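**Student:** Fold the following and give me the result.
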Amino acid sequence: MDYTDRPEELEEYLKINLKESRFRHSLGVQKMARHLAAIHGADVDKASFAGRYHDIAKCFKTDRMNELIKKYSLPDYLTDNPALAHSKVGAMILKNEFNVCDTDILNSVSSHTTGRDGMSLLEEIVYVSDAIEENRSYEEAPALRKQAETDLDAACLFIMDYTIDKVTREGRDPGSDTLKSREFIYRRIKERTTDDN
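**Tutor:** The predicted model follows:
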């Protein structure tokens, strides 16, 4: 299913603007997102699309990213911060340049770096898939892939905790979006555990 009226142009745009390694990563996220969506009952086609295009703005230089932040009237805190900005800019490109209007897909692209308070199942799948796709080779990745199949929330919480710890140790602010999304997932796990007792 197409979520854009210009699928060929969107695909060309992706390939032109991503480095080869980042394109491989995007294919890995697409594959993992489809896999997890099928297991957890999310829309597989939406997961596939969001996974494939989630990093569409990842390889932009800072100057170009800043121009797009201004063009799309995105918050000032994203300026000069391409690592954080690329997800928000990517969602705006999909919406404004390629007429993608599915809110869940756009939110999944926009929140794949930080998560979001109240994130949907699709958002969580794309967030987790970004961290555990087959090209990721860090020590915990294989165990997280298995865990994500049986307990997506627990895998998501581990990734968020790891990210917050890493960013904090580097002397950077993890940001309110990540902290709020972590609390959201933690509450959901706690509520589920309480319900099971």
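
**Student:** Please count neighbours and contacts with C-alpha atoms only from this point.
**Tutor:** Fine.

**Student:** Any buried residues in the helix or strand of the chain with the lowest mean pLDDT, and which?
**Tutor:** Least confident helix or strand, the chain: helix 176-196 with a mean of 89, by mean pLDDT, DSSP states H and E. For helix 176-196, the neighbour count (16 or more other C-alpha atoms under 10 Å) marks 178, 179, 180, 181, 182, 183, 184, 185, 186, 189 as buried.

**Student:** likewise stretch 75-90?
**Tutor:** 78, 79, 82, 84, 85, 86, 87, 88, 89, 90.

**Student:** Distance of residue 139 relative to residue 16?
**Tutor:** Residue 139 is 32 Å from residue 16, where distance means C-alpha to C-alpha, to the nearest Å.

**Student:** same deal with residue 22?
**Tutor:** Distance from residue 22 to residue 16, by C-alpha to C-alpha: 11 Å.

**Student:** Also residue 47?
**Tutor:** Distance from residue 47 to residue 16, by C-alpha to C-alpha: 22 Å.

**Student:** likewise residue 5?
**Tutor:** 19 Å.

**Student:** same thing with residue 4?
**Tutor:** Residue 4 is 18 Å from residue 16, by C-alpha to C-alpha.

**Student:** more neighbours, the two?
**Tutor:** Neighbour count, other C-alpha atoms under 10 Å: between residue 4 and residue 16, residue 4 has more, with 18 against 12.

**Student:** Run a quick check on that one versus residue 98, I expect a contact.
**Tutor:** Yes. Counting by C-alpha atoms under 8 Å, residue 98 is a contact partner of residue 4 at 5.9 Å.

**Student:** Tell me the buried residues in stretch 65-75?
**Tutor:** Buried, per 16+ other C-alpha under 10 Å, within stretch 65-75: 65, 66, 68, 69, 74.

**Student:** At which residues are the helices of the protein located?
**Tutor:** 7-17, 20-40, 44-53, 62-71, 82-98, 103-110, 121-132, 141-150, 152-169, 176-196 (DSSP state H).

**Student:** Out of these, indicate the one that is most buried.
**Tutor:** Greatest average neighbour count among those goes to helix 121-132 (a mean of 26), per mean count of other C-alpha atoms under 10 Å.
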